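S.K.: output the structure for:
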Amino acid sequence: MRKILTPVLLVLLAVIYSSLVIVDEGTRGIMLRFGKVHRDSDNKVEVYEPGLHLKIPFIDSMKVLDARIRTLDGAPDRFVTVEKKDLLVDSYVKWRISDFGRFFTATGGGDYTQASNLLRRKVNDRLRSEVGSRTIKDIVSGTRGELMVGARKALNTGQDSTSELGIEVVDVRVKQINLPDEVSSSIYQRMRAERDAVAREHRSQGKEKAAFIQADVDRKVTVILATANKTAQELRGNGDAAAAKLYADAFAQEPEFYSFVRSMKAYEKSFAESNNMLILKPDSDFFRFMQAPK
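M.R.: Numbering: from 1, shown residues only. Next up, the predicted model:
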């Protein structure tokens, strides 16, 4: 009897164990019966909350879906602004499943790869619309925050809503905005040409101002030198006149001394060189002050 009960108990335990399924915290379960989604009386996909649940062994199977926030981060995509300028926008999206039944059916049985592709397509369409209505200046510095908020709201409630996928977009963020290489090169060349033109204009204006300053300095120097020369000539003339007056007054008082001084200067100039020679009579008046007094 014991030999019969033991296999029966083992079979019962196996059946009971296979009838139990655990849905972990942070996940939701979708029951499949014969590979088809199990629905409730209202024909809605039945979603199993975290906990212990029963299933029919070998008939039912549980598909577990992640209820946490997920991140969709792909390669930068090219968008066109209102000025018809290309931009490379690198963005990411935070999303989670809001309707697990709809998500399961819309993504071919909860296929996250398919869900990411569908969501990325909708996000790109929304970003293309947001970028296409703004200028580069607005996107780079002005309304990037409005762009991200507008994209998130449109994805949740607009025509591009992700609700048909059973997805709620928690946040849309633009990480980086770059210009394509060919656009960057042309813009750089144009900016360089503009800066060169401005630099040439500044240099030209600087040279013009330098010429005016140099001419003004030269004029002032000429005036200063002329005034100085005039003053020097006047001072020299006044000095010579004062000296002549002093000499005249002095010599008027002593004419004989004046004659003596003039003779000494004449002797000095006449015999300044060693080879100077004068042929004069001994009693010449030139040697009057060199003769012994009579």
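
S.K.: quick one, what contacts the nearest residue to residue 130 once chain neighbours are set aside?
M.R.: Here the nearest residue to residue 130 in space, its sequence neighbours aside, is residue 147; by Cβ to Cβ, 6 or more residues apart in numbering that works out to 4.8 Å. C-beta here means a position set from N, CA and C on the backbone, and glycine is covered the same way. By Cβ atoms under 8 Å, 6 or more residues apart in numbering, the contact set of residue 147 is 127, 130, 131, 134, 139, 174.

S.K.: surely the first one forms part of a helix?
M.R.: Yes: when classified by DSSP: H, G, I helix; E, B strand; the rest coil, residue 127 is found to be part of a helix.

S.K.: quick check on the residue nearest to residue 130: phi, psi?
M.R.: Dihedral angles phi and psi of residue 147 (degrees, to the nearest 10) take the values phi -60, psi -50.

S.K.: same question for residue 37.
M.R.: With angles defined as degrees, to the nearest 10, residue 37 shows backbone torsions of phi -70, psi 130.

S.K.: tell me how far it lies from residue 57.
M.R.: Applying Cβ to Cβ, to the nearest Å, one obtains 19 Å for the distance of residue 37 from residue 57.

S.K.: who's more crowded, those two?
M.R.: Between residue 37 and residue 57, counted using other Cβ atoms under 10 Å, the more crowded position is residue 37 (16 against 13).

S.K.: which stretches of the stretch 1-150 of the chain have low pLDDT?
M.R.: Scanning the stretch 1-150 of the chain for pLDDT under 70 picks out the ranges 1-3, 5, 8, 10-12, 14-15, 17, 142.

S.K.: go with 90
M.R.: The model of the stretch 1-150 of the chain has pLDDT under 90 over residues 1-28, 30-49, 51-64, 67, 73-91, 98-102, 104-112, 122-150.

S.K.: quick one, what contacts the nearest residue to residue 152 once chain neighbours are set aside?
M.R.: Residue nearest to residue 152 in three dimensions, not counting chain neighbours: residue 172, with 4.6 Å by Cβ to Cβ, 6+ apart. Residue 172 makes contact with 91, 93, 94, 123, 126, 127, 148, 151, 152, 155, according to Cβ under 8 Å, 6+ apart.

S.K.: which residues does residue 172 form beta bridges with?
M.R.: Taking DSSP bridges, one obtains residue 93 as the residues bridged to residue 172.

S.K.: what's the answer for the one 5 residues further on, then?
M.R.: Assessed by DSSP bridges, residue 177 has beta-bridge partners residue 89.

S.K.: can you give me the helices in the stretch 1-150 of the chain?
M.R.: All helices of the stretch 1-150 of the chain, identified by DSSP state H, counting those that start in this stretch, fall at 2-19, 100-106, 112-132, 136-137, 144-157.

S.K.: quick one, which of those helices gets closest to residue 193.
M.R.: Closest to residue 193 of those is helix 136-137 (Cβ to Cβ; 18.9 Å).
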